[in-house]
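[1] Build me a model:
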Amino acid sequence: MKTIVLASNNAHKIQEFREMLPLFNILSLKDIGFFDEIVEDGETFLENSLIKARAITNYLNSKDKQMMVIADDSGLCVNALGGAPGVYSARFAGDHSNQANRNKLLDELKNKEDRNAYFDCLLTVMKPDGSYNYVEGKSFGKITTSEIGDTSFCYDCLFYSDDLNKTFGEASEEEKNSVSHRGRAIKLLIEKGLLN
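    Numbering: from 1, shown residues only. Here you go, the predicted model:
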């Protein structure tokens, strides 16, 4: 079984990757002993995913570990807010509080008619020599006026999926993975043979 390092310690994200890539051994940053903070100061999802991929590839090379790295950067883009929160999705309200982020989003959309939005996911796959490829996945929907469903993961309970006709917060993991931005990006990785 091929081992891939996912440049994340987000338990929910790691679980998603393990469910969608069952033929691979997915390791987290904790699994490889990486505990430094990576400063994601890019202005795009691609820039941030490359920053993460390079940091982890350099770390692995310094330990003489030759492994492929997947780095993901993703977020919610809302039309009426000019694409915000975008790369700042996790810290939209100033910190990494899901509830504070959702409250700010609802507040900023109070008087907006256009509630169209999409989740965007940029996945970079980097080989030990630093060469890389990337894919992008998007999932379209609208922002609801209140929280519906499971509130434990980011903006899911506010995102009414055009594909599922329910919020991601109401969807099962299988349903969400089948149409999510991350699910679509992972499918592209497989289809394009980028994990070979």
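
[2] from the chain's centre, how far out does the helix or strand of the chain with the lowest mean pLDDT sit?
    Here the helix or strand of the chain ranked lowest by mean pLDDT, DSSP states H and E is helix 11-20, holding a mean of 89. Chain-centre distance of helix 11-20: 10 Å, with Cα atoms, centre = their mean, to the nearest Å.

[3] So which elements touch that helix?
    strand 2-6, strand 24-27, helix 173-179, helix 181-191 (3 or more Cβ pairs under 8 Å, 6 or more residues apart in numbering; DSSP states H and E). C-beta here means a position set from N, CA and C on the backbone, and glycine is covered the same way.

[4] quick one: contacts of that helix?
    6, 8, 26, 28, 70, 72, 153, 173, 177, 180, 182-183, 186-187 (Cβ atoms under 8 Å, 6 or more residues apart in numbering).

[5] How about stretch 109-123?
    44-46, 48-49, 70-81, 86, 134-144, 155, 159, 180-182, 184-186, 188-189.

[6] residue boundaries of the strands in this structure?
    Along the chain, counting by DSSP state E, strands occupy 2-6, 24-27, 68-78, 116-126, 132-143, 159-161, 166-167.

[7] Note down every partner strand of the fourth one and its orientation.
    Same thing as strand 116-126. Strand 116-126 has its sheet partners listed here by DSSP bridges as strand 68-78 (antiparallel), strand 132-143 (antiparallel).
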